[in-house]
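> 3D model of this:
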Amino acid sequence: AEQLLKTAADASNLEKELLRRSDISGPTLTVRGDFVTCFCVDGDLLSQWRSYAASGSGYAIGFNTQALVGHNHPILRRVIYDKDAQERLIQSAIEKTSTLFRKVTTGRSIKDLDEDKTLPAFAAFLASRLREFASTFKHRGFREESEWRLIFRGFRSREYMPFLRFREDGLSTPYIPLSLRNAGPSLPLLPILEVCYGPSIHPGLAKKSLLLLLEKSGYDHVEIRGSATPLRA
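Sure, this is the predicted structure:
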């Protein structure tokens, strides 16, 4: 919103209207938005074990990234933590969209551009880019996570309501399940390449149990490794 306001200060009335309609900081975000799944590049990071795996007694699963995006058409993006880089990307998207908008709308009114859907189309495009940035920008304090995000952009209309589920965690958190599939029909469902088990007082037992679980489930080509992080400092 801040970048939109800066650009709008010196913009024409037509561009001001484009930027106003592209603003994603309004109340519509409370009922519409993207669904995001987060991944960490490092499969053995102490802060992740502490935060998401009961202080280490869990697993870090490595996936085939091509399979993650191959069936449901989400997008996979690296998270950007540098504030200057974030501002440059936002400004570039606004400037490029505004420049093209000026070329095709010279001498036309807002009413004309609404009637032929030109203004709504440009506003939807710019808002889409800004929503992607909102899903992939994060404070630099989290840069240790070196995160990637799988973003499902399809939740735009009621046609997706049948796929919507809610996780009862006190907030009834909404989510959409994604169908992840391996390349071959005879392979197990999930495209798992690696599993790392967390810091454990019994690493041998943890590895044996994980091997049995994977074998029983049909995952006989998955690499298994234990965390290099000690259970105690």
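
> where do the helices of this structure begin and end?
For the chain, helices defined by DSSP state H occupy the ranges 2-8, 13-22, 46-52, 65-70, 83-105, 110-115, 118-136, 203-216.

> dump those into CSV; add mean neighbour count as well.
From N, CA and C alone the C-beta is placed, and that goes for glycine too. Listed next are the helices of the chain as CSV, based on neighbours: other Cβ atoms under 10 Å:
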stretch, mean neighbour count
helix 2-8, 15
helix 13-22, 18
helix 46-52, 15
helix 65-70, 15
helix 83-105, 15
helix 110-115, 13
helix 118-136, 18
helix 203-216, 13
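
> nearest to Glu145, of those helices?
Among the helices of the chain, helix 46-52 comes nearest to Glu145, with 7.3 Å by Cβ to Cβ.

> CA atoms of that closest one as CSV?
In CSV, the C-alpha atoms belonging to helix 46-52 read as follows (Å, rounded to 0.1, in the frame of the first residue of the first chain):
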residue,chain,number,x,y,z
LEU,A,46,17.7,-26.6,15.1
SER,A,47,15.1,-23.8,15.1
GLN,A,48,12.8,-25.9,13.0
TRP,A,49,13.1,-28.9,15.2
ARG,A,50,12.3,-26.8,18.2
SER,A,51,9.4,-25.0,16.6
TYR,A,52,7.7,-27.7,14.6
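
> which residues does Arg102 contact?
Residues near Arg102 by Cβ atoms under 8 Å, 6 or more residues apart in numbering: 12, 14-15.

> how near is the closest residue to Thr173 other than its chain neighbours to Val69?
Nearest residue to Thr173, sequence neighbours excluded (Cβ to Cβ, 6 or more residues apart in numbering): Arg167, at 4.6 Å. Distance, Arg167 to Val69, using Cβ to Cβ, to the nearest Å: 23 Å.
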